[in-house]
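K.L.:
any chance you could fold what I've pasted below:
(one chain, ligands or ions: 1)
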Amino acid sequence: MYPNRFDYYQANTLSELFDLMSENGDGMVEYLAGGHSLIPMMKTGLAAPDVLIDLKNIDELRGIEQNDTTTCIGAMECYADISKSPIVKTNCPVLAEAVGLVGDIQVRNRGTLGGNLAHNDPASDPPAAILASQATLHVQGPNGKRIIQQDDFFTGLYETSLEEDEILTKIEVKNIGEGVGAYLKKPSPSSGYAMIGTAVVLHTKNGTIEDARVAVIGAVDHATRLNGVEDALIGSPATHESAITAAEHALEGIEDYMVMEDLQASAEYREHLIKVHAKRATMAAIDNLKN
Ligand SMILES: Cc1cc2nc3c(=O)[nH]c(=O)nc-3n(C[C@H](O)[C@H](O)[C@H](O)COP(=O)(O)OP(=O)(O)OC[C@H]3O[C@@H](n4cnc5c(N)ncnc54)[C@H](O)[C@@H]3O)c2cc1C
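P.N.:
The predicted structure is shown next:
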């Protein structure tokens, strides 16, 4: 299929972008990042923007920078560069792992972290890593900048707390420090998208888990934390036995009707995977502690 007719612009700076948006205020605007979700949607008629603004020349949306306690990643950085970045691998290993498992090499060379998080497909890998790692999402609109904490960003199926005229500019991820983590994905054999993906970040002291963040994608309509597992892990010894016990709480707060069901997997199978993955991803994080 062919997309509807649209006007195409390239913005060279954020200020040019906002000028273009106000000039085209009446029409539906989409931003072209990696195009790996947007272009297929336009070709199938699921998206029909009047105006497409290409973000590729905006330097303000690029860069990977390490600070004392955080790492800042520009929204237009692609998965391949993020997964290979020594800064990200050291400070945000769970995110590096998750973006390294997105699609295939072509997708990883074009798809961007900003586009992925803004699109918020329920089966996208990076949102789980963002929730588990903790991050501040920096956004900008015509009226200025604001920040959104990770737990407030993903709000529903393909929905985020971004306003229509706002753009995600950078993702500031908390450095893991002495913590450990893991990302575990069960890919669909047909699409490669996750049936379930689980991210875990643990901080321990003298063999006891002091802080645990566990998040899952592919389970319900948007990335969500497994609070029952986290609560059970905190205060427990950092052992496989604790992971097994905690995983029994994986479905707490997730009602049956919330669990996704599609051609890839029934809701019942997904519920099973949520528990199994909570256990295995936590074990993998604990194994990283021992290394
Ligand atoms: C074959 C294939 C396999 C894939 N497999 C996976 C997978 O395994 N895991 C996975 O997570 N994803 C997968 N994807 C999706 C891929 O990760 C996309 O890149 C991602 O969903 C969107 O990022 P993008 O940069 O391509 O954004 P685009 O497609 O360009 O844009 C997507 C949406 O986000 C908006 N947008 C883009 N950038 C911004 C911004 N900075 N601020 C605000 N809004 C913005 C656009 O307006 C648009 O609505 C796959 C895609 C393909 C084609």
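
K.L.:
helices and strands around the lowest-mean-pLDDT helix or strand in the chain, which ones?
P.N.:
When the helices and strands of the chain are compared on mean pLDDT, DSSP states H and E, helix 14-23 comes out lowest with a mean of 93. Secondary-structure packing of helix 14-23 (3 or more CB pairs under 8 Å, 6 or more residues apart in numbering; DSSP states H and E): strand 51-54, strand 167-174. Every residue, glycine included, has its C-beta placed from N, CA and C.

K.L.:
quickly run through the sheet partners of the longest one, with directions.
P.N.:
Within its sheet, strand 167-174 is paired with strand 70-74 (antiparallel), strand 135-141 (antiparallel), according to DSSP bridges.

K.L.:
I'd like to know how many residues surround R110.
P.N.:
Using other CB atoms under 10 Å, R110 has 17 neighbouring residues.

K.L.:
can you give me the distance of it to A123?
P.N.:
As defined by CB to CB, to the nearest Å, R110 lies at a distance of 18 Å from A123.

K.L.:
what about the helices in the stretch 1-150 of the chain?
P.N.:
Assigned by DSSP state H, counting those that start in this stretch, the helices in the stretch 1-150 of the chain fall at 14-23, 38-43, 79-84, 86-91, 93-100, 105-110, 113-119, 126-133, 150-153.

K.L.:
can you redo those helices as JSON lines with distance to T282?
P.N.:
As requested, the helices of the stretch 1-150 of the chain are exported to JSON lines (distance: least, CB to CB, whole Å):
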{"stretch": "helix 14-23", "distance to T282": "40"}
{"stretch": "helix 38-43", "distance to T282": "35"}
{"stretch": "helix 79-84", "distance to T282": "22"}
{"stretch": "helix 86-91", "distance to T282": "21"}
{"stretch": "helix 93-100", "distance to T282": "12"}
{"stretch": "helix 105-110", "distance to T282": "26"}
{"stretch": "helix 113-119", "distance to T282": "24"}
{"stretch": "helix 126-133", "distance to T282": "11"}
{"stretch": "helix 150-153", "distance to T282": "19"}
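
K.L.:
thinking again about what came up before, from the helices and strands packed on helix 14-23, which stretch is densest packed?
P.N.:
Here the criterion is mean neighbour count by mean count of other CB atoms under 10 Å, and of those the winner is strand 167-174, at a mean of 23.

K.L.:
can you list the strands that the following helix or strand past that strand pairs with?
P.N.:
Per DSSP states H and E, the first helix or strand lying C-terminal to strand 167-174 is strand 180-187. Strand 180-187 pairs in its sheet with strand 194-205 (antiparallel), by DSSP bridges.
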